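**Student:** fold the following and give me the result.
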Amino acid sequence: MEKLHFSITINAPKEMVWDTMLDEKTYRVWTRVFMPGSFYEGNWDQGSKLYFLAPDKTGKTSGMVSRIKENRKYEYVSIEHLGFVENGKEDTTSEAVKNWSGALENYIFREINGKTEVLVELDTSDEYKDMFLETWPKALEKLKSLCEK
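**Tutor:** Numbering: from 1, shown residues only. Just a heads-up that it's a prediction; the model follows:
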């Protein structure tokens, strides 16, 4: 696993940026960059299970099953990825999952002079590295535009 880092400065208070990033409706907007139709089921409370989902090419729902490892409101959220969801079924034990299970995705929010710096740190495999290098900057730009409009 390799750790990737992304950041953006948004001209808005961190509470607004946090709410926009994690709210169910606006989450769907900024995450379209990763997969059209992206959404989540569950909540962001520490210890909660959260499903990151989207329709796949055949129209069936697939994605990831994760757990909120840590949540310090308006400051930090850590997501631990546990496995995949395919056809509505969780896979947390296959060999494909074992190579990836436990990967973390962390969001850090720092307010500096009325603006918010959002830092994203995530563990990735070589298989997804190029996709994340291309999509995370676009997703953060979309988040910025939502917060600054």
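**Student:** output the below-cut-off pLDDT ranges for the protein.
**Tutor:** Residue ranges of the chain with pLDDT under 70: none are present.
**Student:** longest single helix anywhere in it?
**Tutor:** With secondary structure taken from DSSP state H, the chain has its longest helix at helix 126-148.
**Student:** who does that one touch, helix- and strand-wise?
**Tutor:** strand 2-10, helix 14-22, helix 24-30, strand 115-124 (3 or more Cβ pairs under 8 Å, 6 or more residues apart in numbering; DSSP states H and E). (Each C-beta comes from the backbone N, C-alpha and C, glycine too.)
**Student:** ok and the first one relative to helix 126-148, angle-wise?
**Tutor:** Using axes from the mean of the first three to the mean of the last three Cα atoms, to 10 degrees, the interaxial angle of strand 2-10 with respect to helix 126-148 works out to 10 degrees.
**Student:** mind saving the C-alpha coords of strand 2-10 as CSV?
**Tutor:** Only the C-alpha atoms of strand 2-10 are listed here, as CSV (Å, rounded to 0.1, in the frame of the first residue of the first chain):
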residue,chain,number,x,y,z
GLU,A,2,1.1,3.5,-0.8
LYS,A,3,-0.2,6.6,1.0
LEU,A,4,-1.4,9.4,-1.3
HIS,A,5,-1.9,13.0,-0.1
PHE,A,6,-4.2,15.7,-1.6
SER,A,7,-5.1,19.2,-0.4
ILE,A,8,-7.1,22.2,-1.3
THR,A,9,-7.8,25.6,0.3
ILE,A,10,-11.5,26.6,0.3
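**Student:** which residues does the residue most central in space within the chain contact?
**Tutor:** By Cα atoms, centre = their mean, the chain has its centre lying nearest to Glu105, at 6.7 Å. Neighbouring residues of Glu105 by Cβ atoms under 8 Å, 6 or more residues apart in numbering: 66, 78-79, 81, 120-123.
**Student:** report the inter-axis angle for the longest helix of the chain versus strand 115-124.
**Tutor:** Using the same axes, to 10 degrees, helix 126-148 lies at 160 degrees relative to strand 115-124.
**Student:** tell me the angle helix 126-148 makes with helix 14-22.
**Tutor:** Interaxial angle of helix 126-148 relative to helix 14-22 (the same axes, to 10 degrees): 130 degrees.
**Student:** let's see helix 126-148 as PDB, backbone CA atoms only.
**Tutor:** The C-alpha trace of helix 126-148 is given here as PDB (Å, rounded to 0.1, in the frame of the first residue of the first chain):
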ATOM      1  CA  ASP A 126      -1.000   0.200  -7.400                       C
ATOM      2  CA  GLU A 127      -4.200  -0.900  -9.100                       C
ATOM      3  CA  TYR A 128      -6.100   2.300  -8.000                       C
ATOM      4  CA  LYS A 129      -3.200   4.800  -7.700                       C
ATOM      5  CA  ASP A 130      -3.500   6.400 -11.100                       C
ATOM      6  CA  MET A 131      -7.200   6.700 -10.900                       C
ATOM      7  CA  PHE A 132      -7.000   8.500  -7.500                       C
ATOM      8  CA  LEU A 133      -4.200  10.700  -8.700                       C
ATOM      9  CA  GLU A 134      -6.500  11.800 -11.500                       C
ATOM     10  CA  THR A 135      -9.800  12.000  -9.700                       C
ATOM     11  CA  TRP A 136      -9.100  13.300  -6.200                       C
ATOM     12  CA  PRO A 137      -7.900  16.800  -7.400                       C
ATOM     13  CA  LYS A 138     -11.100  17.000  -9.500                       C
ATOM     14  CA  ALA A 139     -13.300  16.000  -6.600                       C
ATOM     15  CA  LEU A 140     -11.700  18.500  -4.300                       C
ATOM     16  CA  GLU A 141     -12.200  21.300  -6.900                       C
ATOM     17  CA  LYS A 142     -15.900  20.300  -7.100                       C
ATOM     18  CA  LEU A 143     -16.100  20.400  -3.300                       C
ATOM     19  CA  LYS A 144     -14.500  23.900  -3.400                       C
ATOM     20  CA  SER A 145     -17.000  25.100  -6.000                       C
ATOM     21  CA  LEU A 146     -19.900  23.800  -3.900                       C
ATOM     22  CA  CYS A 147     -18.600  25.600  -0.800                       C
ATOM     23  CA  GLU A 148     -17.700  28.900  -2.400                       C
END
